[in-house]
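J.: all I have is the shape, not the residue letters:
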């Protein structure tokens, strides 16, 4: 209606939505893409634009895409009014991705979102802590154990954290890594 009347309006409600569910048992990330009008969505896994002239796959609303390795997911949908929406999401796999994780302390109630698997799902946090891509801890440190399920060398460890001082979300003060071959004795 707004298009036909020539009004400028927010198109954010039309954006492609990504929902994900880690499947640790099968070592895969279940991804569902949808749009407000349930149109078929074109997507690629290699970072290429899913527009015309490229090889792309399609998914209908509610269908699941399984991701088992690092993927540059790009998606596009064309709405009835001709407007196109796109989504760009990099899913990064490393040694910890989609492996069992336990937490010594639960996240703070207002910062639990999708739970502990948020830390090992391969998705990076966005520029807003309310997106569900971040966990928050108040009064307790983040103490996580990721079970790599077999001995393997570790040469590097890194993490991302979000800082929003106006909302009392502060930077990490310290980051320690301990390893174990039996899951009980750490050094």
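T.: Noted; the coordinates are in hand. Predicted model, so just to flag it, every value in this text is computed and none were measured.
J.: how about the strands in this protein?
T.: 17-23, 28-34, 41-44, 57-59, 64-67, 71-78, 84-91, 101-103, 144-146 (DSSP state E).
J.: how many other residues sit next to residue 132?
T.: 18 (other C-beta atoms under 10 Å). C-betas here are computed from N, CA, C, even on glycine.
J.: show me the contacts for the closest residue to it other than its chain neighbours.
T.: Closest residue in space to residue 132, ignoring its immediate chain neighbours: residue 113 at 4.0 Å, by C-beta to C-beta, 6 or more residues apart in numbering. For residue 113, the contacting residues are 107, 132-135, by C-beta atoms under 8 Å, 6 or more residues apart in numbering.
J.: nearest residue to the middle of the protein?
T.: The residue lying closest to the centre of the chain (C-alpha atoms, centre = their mean) is residue 123, at 2.9 Å.
J.: flag the shaky bits of this structure, pLDDT-wise.
T.: Within the chain, the stretches with pLDDT under 70 are 9-14, 52-54.
J.: can you give me the helices for this structure?
T.: Assigned by DSSP state H, the chain shows helices spanning 2-5.
J.: returning to what we had before: ok, of the contacts of residue 113, which one's closest to residue 71?
T.: Nearest to residue 71 among the contacts of residue 113: residue 133, at 16.5 Å, using C-beta to C-beta.
J.: buried residues in stretch 92-102, which are they?
T.: 96-98, 101 (16 or more other C-beta atoms under 10 Å).
J.: kindly apply the preceding question to stretch 127-143 instead.
T.: Buried residues in stretch 127-143 (16+ other C-beta under 10 Å): 129, 132-136, 142.
J.: swap in stretch 143-151?
T.: residue 144.
J.: contacts for it next, please.
T.: Residues contacting stretch 143-151 (C-beta under 8 Å, 6+ apart): 95-96, 99-105, 116, 119-120, 181, 183.
J.: closest to residue 173 among the residues you listed?
T.: residue 105 (16.1 Å).
J.: next, the closest residue to that closest one other than its chain neighbours: phi, psi?
T.: Distance criterion C-beta to C-beta, 6+ apart; nearest residue to residue 105, sequence neighbours excluded, is residue 140 at 3.8 Å. The phi/psi pair for residue 140 (degrees, to the nearest 10) reads phi -130, psi 150.
J.: just checking, residue 140 touches residue 103?
T.: No: contact status for residue 140 versus residue 103: not in contact, 9.3 Å apart, counting by C-beta atoms under 8 Å.
J.: who touches the residue nearest to residue 111 when sequence neighbours are not counted in this structure?
T.: Spatially, and ignoring its direct neighbours in sequence, residue 111 is nearest to residue 136 (2.7 Å; C-beta to C-beta, 6+ apart). By C-beta under 8 Å, 6+ apart, residue 136 lies in contact with 107-108, 110-111, 129, 169.
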